[in-house]
Structure formats: structure tokens, C-alpha cells
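Visitor: sequence and computational prediction follow.
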Amino acid sequence: MIQFQNVSKCYPDDIIAVQDINLTIEQGEYVFLSGPSGAGKSTLLKMIAAIERPDTGTLTVNGQEIGQLRPAGIPFLRRNLGLILQQQHLLEDRTILENVMLPLNVTGVEQTEAKFRARAALEKVGLSNRADSLPLALSEGEQQRVAVARAIVNRPQIILADEPTANLDKPNADKVIEAITFFQSAGVTCIIATHDESLFTKANRVIYLDHGKLSHIDQMDGKKHEN
Ligand code: ADP
Ligand code: ADP
């Protein structure tokens, strides 16, 4: 479902971010991206979301080639992606419920239905009781769980998370990962870039990047995967 074939990406001034990556990630897989800062993890995630495009090689996501995607195709791609970043970018003047409804408003879901689904998503991350609060009234860990709810409210096929627990203490980090793991067990493909090795036991595979290259893959589930 996600296939990198000889994918490379440079930033201006010839900074090589990702170099000759070959990788296939299957539907429903739980994959962690590891490696030192600057290894190319974020760039890999950004290319899957068509925030960045490969310079060379082919990246296919849900049958669509990212390099060939026209502007009109981007909303369709993103509808199937839930993006969770280190900073949550919640709108401070909207309630938690309204924040979680945003992706549904964008895709034109009717308001009553949108509220219903946003409440269901908040329930899944254990924050039903905070629906009417404003983001700043919540702890960082709770805000990050709101970001998880917002990422999954559209029922995406893929969740991409970039250091989702970086600013959190252990109990909050665990809750965020628990929420993501719940959706993975419901069949959603999850790809998480993290430094936190304690999470790797949950993975099907851990993919290590170094200086933009795929250095090795740890198979955590005993299954055989095509590279
Ligand atoms: P990681 O997520 O593993 O820390 P990144 O994908 O963010 O790695 O970065 C890979 C390389 O690309 C690094 O050398 C980084 O400095 C560089 N880089 C990332 N984003 C940009 C950008 N927008 N412009 C220029 N260089 C960038
Ligand atoms: P509903 O009662 O609206 O059918 P569910 O109880 O099935 O909702 O799920 C609650 C929330 O969790 C939904 O808003 C949905 O966004 C999300 N969700 C449930 N299952 C999945 C899935 N397989 N993939 C992505 N998101 C899901």
C-alpha cells in the first residue's frame, strides 16, 4: 500500500535528506522509524503525505504515485491520512470538540454527524469529558490525545506520527501510544517516527535510518516481509 522504490530527496543547498530508499509497507502494518536526528525520518513521513515530493524514484501511496500527484489529488490523498505531529496546532479559540470536527468540516460532513463522530473519536482517546474545554485548559498529554482524535476522525487508512510523544512524560506518552495502537489493531496502517525504543515491542517492524539511508530493519513480529 506504501511503496518506496529508489526514492531520494534533497533540500536546497544539496542537503541529502533521503537516499535511495526501497521499502514496502503493507496495509495494517505497525512500523516505527528510528535513527538519529537528521536521519530523514520526517522527510519520509512528509513524502507519504505529499508535503514533500521525491526528487528521484517512485513513491506510491494507496495506488497513487506521489511524484505525479496533481494539486487536485492532494485532498483525496490526505483524506486517507491521519497526521500527528510533535506540536499539535490546535486552534486555541475553538473547543476540543470543534478542533476534532475540523477535518470533517473540510470534507463537508453534515454538522450533526460531525459532532457525533468527533465525540466518538474523543471517547476513543479517553477525553469525552473535555469536549467543551478550550485547548489551553488541557495538559500537553491531553492535547496530544486530542491531536490523535483529530487525526482519526476521518477514518483514515494510514496514521503518520512524527515524534508524537517527544514532549510528554511517560504516563502521557503511554496514553497517546495506547490510542494509536487501538486504531492500528482496528486495521489502520501506523507509521511512527520516534526515539523512544521502549515502544518498539509493539511494532511489526522497526526501520532504522542513518544519513538518509535505510540502515537496517528489525523484524519484531516474526513474520517475513518483503523489504
Ligand atoms: P529526522 O526527522 O530524522 O530528524 P529530517 O527528515 O527532518 O530528519 O531531516 C533530514 C535532513 O534534511 C537533515 O539534514 C535536515 O537538516 C534536512 N532538512 C530537513 N528539512 C529541511 C528543509 N526544509 N530544508 C533544508 N533541509 C532540511
Ligand atoms: P461510530 O460510532 O461513529 O461508527 P466508532 O465507534 O466505530 O464510530 O469509532 C469511533 C471513532 O473512531 C470514529 O469517529 C472513527 O473516526 C474512529 N475509528 C473507528 N474505527 C476506525 C478505523 N478502522 N479507522 C480509522 N478510524 C476509526
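Guide: Done, it's in. Ligands and ions are numbered 1, 2, ... in the order given.
Visitor: what about the chain, any weak spots by pLDDT?
Guide: 224-227 (pLDDT under 70).
Visitor: got the contact list for the residue most central in space within the chain?
Guide: Geometric centre of the chain, nearest residue: residue 160, 1.2 Å, by Cα atoms, centre = their mean. By Cβ atoms under 8 Å, 6 or more residues apart in numbering, the contact list for residue 160 reads 45, 48, 49, 81, 82, 83, 84, 191, 192. C-beta here means a position set from N, CA and C on the backbone, and glycine is covered the same way.
Visitor: got it, and residue 122?
Guide: Taking Cβ under 8 Å, 6+ apart, we find residue 122 in contact with 96, 97, 100, 128, 130, 131, 146, 149.
Visitor: hmm, 10 Å instead?
Guide: 96-97, 99-100, 128-131, 145-146, 148-150, 153 (Cβ atoms under 10 Å, 6 or more residues apart in numbering).
Visitor: residue 173: which of those is nearest?
Guide: Among these, residue 145 lies closest to residue 173 (Cβ to Cβ), at 10.8 Å.
Visitor: count the residues that sit near that closest one.
Guide: Neighbours of residue 145 under the rule other Cβ atoms under 10 Å: 28.
Visitor: which secondary structure element contains it?
Guide: Assessed by DSSP states H and E, residue 145 sits inside helix 140-152.
Visitor: what helices and strands are in contact with that helix?
Guide: strand 81-84, helix 96-106, helix 111-124, strand 158-162, helix 170-185 (3 or more Cβ pairs under 10 Å, 6 or more residues apart in numbering; DSSP states H and E).
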